[in-house]
Structures are given as C-alpha cells and as structure tokens.
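**Student:** here is a sequence together with a model predicted from it:
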Amino acid sequence: MHPSSWARFLFGPASRGDYAAPVVHKHDDFEYASETDLADFEVETDSQGHHYAVRKEDLPKEQV
C-alpha cells in the first residue's frame, strides 16, 4: 500500500474548507506578538527573484 493511501486509510480523507472564504484573523495575543516580531524585517529580492528577510537595523539608512 502506498504511504499516502495508508494515511488516507488510517485518518480518512482530507477535509478541505471553502477556498473562496476570506481568512479569519483572531486578533489574539499570539497574532499581535507575531506582527510585532515581523515588523523588524524587510523583504528583499535578489537578481534571481529569490525573496529573503533582512532586519531593518542591518539595512543602509537610505532603504529604511
């Protein structure tokens, strides 16, 4: 039996929600803490199109 078939047999079919439904934000303490942590980063893109995060304190002052 294929591993994915075994998982389906063991756990049942995957339940999928409505893809068109909007994402519900809980606005709880965890979400606020995450937003605070992520506010210290800036997303950069290199010449090959790869995205990576850089701390704002490490950027030159012109980019902040």
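**Tutor:** Right, received. Where do you want to start? Since this is a predicted model, take the numbers as computed values, not measurements.

**Student:** Asp40 contacts Ala53, correct?
**Tutor:** No - the criterion here is Cβ atoms under 8 Å, and Asp40 misses it with Ala53 at 9.3 Å. Just so you know, the C-beta spots here come from the backbone N, C-alpha and C atoms, and that holds for glycine as well.

**Student:** buried ones in stretch 31-42?
**Tutor:** Within stretch 31-42, no residue qualifies as buried by neighbour count (16 or more other Cβ atoms under 10 Å).

**Student:** avg pLDDT for that stretch?
**Tutor:** Mean per-residue pLDDT for stretch 31-42: 90.

**Student:** and the helices in the protein?
**Tutor:** All helices of the chain, identified by DSSP state H, fall at 3-11, 29-38.

**Student:** so for the first one, mean pLDDT?
**Tutor:** Right, the one you point to is helix 3-11. Here the average pLDDT along helix 3-11 is 83.

**Student:** tell me how far that helix is from the chain's mean position?
**Tutor:** Relative to its chain's centre, helix 3-11 lies at 27 Å (Cα atoms, centre = their mean, to the nearest Å).

**Student:** swap in the longest one?
**Tutor:** Here the centre of helix 29-38 is set off from its chain's centre by 13 Å, with Cα atoms, centre = their mean.

**Student:** hang on, the earlier thing: what would the helices of the chain look like in JSON lines with distance to Asp46?
**Tutor:** As requested, the helices of the chain are arranged in JSON lines below (distance: least, Cβ to Cβ, whole Å):
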{"stretch": "helix 3-11", "distance to Asp46": "35"}
{"stretch": "helix 29-38", "distance to Asp46": "20"}
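
**Student:** what's the spacing between the closest residue to Glu44 other than its chain neighbours and Asp46?
**Tutor:** Leaving aside its sequence neighbours, Glu44 sits nearest to Val54 (Cβ to Cβ, 6 or more residues apart in numbering; 5.2 Å). From Val54 across to Asp46, the span is 11 Å (Cβ to Cβ, to the nearest Å).

**Student:** compare those two and say which is more crowded by neighbours.
**Tutor:** It is Val54, of Val54 and Asp46, that has more neighbours when counted by other Cβ atoms under 10 Å, with 13 against 8.

**Student:** cool, thanks, signing off.
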